[in-house]
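**Q** Sequence plus predicted model, see below.
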Amino acid sequence: MSKKAPALVLGGGELGSAIAYYLRKSFIPVAIALEPQELYLRRSICFAEAAFTGRKQIDDIRGLLITEEDLDRAPSRNFDARWREAVSFHIQNRDIPIFLTGELPSFLEILQPAVFIRTLPGAGSGISLESADFVIGLHPNHIAGTDCHVAVDAGLSYRTGDVYLSKPQFGPDFDIHLFKKPFNEVLSPLDGLFVSSRDIGQQIQHHDSLGSVEGIEIRSPYTGQLWGIFHSGRLVSARQPLALIYEGPPNEGYAHFGFWHKCVAGAVLAEVERFSKSF
């Protein structure tokens, strides 16, 4: 795959970040396009954090938000060429360029990626199979042969990481999830502005405060370790997850990709490598 034709991942949440991370670790140039409405809690492993901080480092891989300064430094005067040059500059530095799709409606036409990877449900609805030479989607939110060429199963089941070349013929128990995420979610009791009082990785005791929504204290119903929490200073909806509490022994797992991420990302990486070898 040419450095001028990167893989483009739509979505900077857990799975999108894991996919981009392992593509970059395999020396495959990759960029990330963020949807403005993305919601994520495990911010320590999400490149989408760059939308707030300008950069996000996961282990030795760094994601950088493309800024106006990046575009101003590009030598070309043409807008499309400046975007391509800004992306290429970060890729040549072995970083992952990141941008918001709302700021770049024609990003596929401008960047012309060889591979496009869809990780978000309902996002990029105008994207077709002609958007890139090879389109990968995450099942069940994307269906092989419909909105992607191949789909990788991203469910938490014994089929995680399976690759589908066409719409699978489901059996009655196909969609039963056999595995449960090792977290308990803390939900917002109302709409309003969330103000956090905790950091990811901290130990949480039952009834400890996690923050407040519209001045109402949100207390944890669980004892454990905080593995994810919503951004402080942002609006939340009632019943929206605010925090993830891990009830196992405290560890550093909150800062690293787990089996689920690696399984899905590994399957996507294998398909990208298979596609690149077909040229």
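**A** That came through, no problem. Residues are numbered from 1 along each chain as shown.

**Q** start to end distance for stretch 56-71?
**A** End-to-end span of stretch 56-71 (Cα to Cα, to the nearest Å): 20 Å.

**Q** Give me the contacts around it.
**A** 12, 17, 20-21, 24-25, 32, 44-51, 54-55, 82-83, 86-87, 89-90, 95-99, 256 (Cβ atoms under 8 Å, 6 or more residues apart in numbering). Bear in mind the C-beta positions are built from the backbone N, C-alpha and C, glycine included.

**Q** Name the residues of that stretch that come out as buried.
**A** By 16 or more other Cβ atoms under 10 Å, the buried positions in stretch 56-71 come out as 56, 58, 61-66, 70.

**Q** out of those residues, which are inside helices?
**A** Those of these mapping onto helices are D70, per DSSP state H.

**Q** Kindly indicate which of the buried residues of stretch 56-71 lies nearest L111.
**A** Comparing these against L111 with Cβ to Cβ picks out I66 as the nearest, at 11.0 Å.

**Q** and that closest one, how far is that from G11?
**A** Computed as Cβ to Cβ, to the nearest Å, the I66 to G11 distance reads 16 Å.

**Q** Would you mind finding the longest helix in this protein?
**A** helix 259-277.

**Q** For the residue of the chain most remote from its centre, give me the backbone phi and psi.
**A** Counting by Cα atoms, centre = their mean, the extreme residue of the chain relative to its mean C-alpha position is R77, 31.7 Å from that point. R77 adopts backbone torsions of phi -90, psi -20, taken as degrees, to the nearest 10.

**Q** Could you pick out the buried ones from the contacts of stretch 56-71?
**A** 12, 17, 20-21, 24, 32, 44-51, 82-83, 86-87, 89-90, 95-99.

**Q** Give me the subset of those residues lying in strands.
**A** 32, 96-99 (DSSP state E).

**Q** Next, give me the two most distant ones among those.
**A** I96 and F99 (10.7 Å).

**Q** Now the common contact residues for those two.
**A** Shared contacts of I96 and F99, counting by Cβ under 8 Å, 6+ apart, come down to 31-32.

**Q** Quick check: which helices or strands does the lowest-mean-pLDDT helix or strand in the chain pack against?
**A** When the helices and strands of the chain are scored by mean pLDDT, DSSP states H and E, helix 107-111 comes last with a mean of 77. Judged by 3 or more Cβ pairs under 8 Å, 6 or more residues apart in numbering; DSSP states H and E, helix 107-111 is in contact with strand 7-10, helix 79-92.

**Q** Identify whichever of these lies nearest to K180.
**A** strand 7-10 (26.4 Å).
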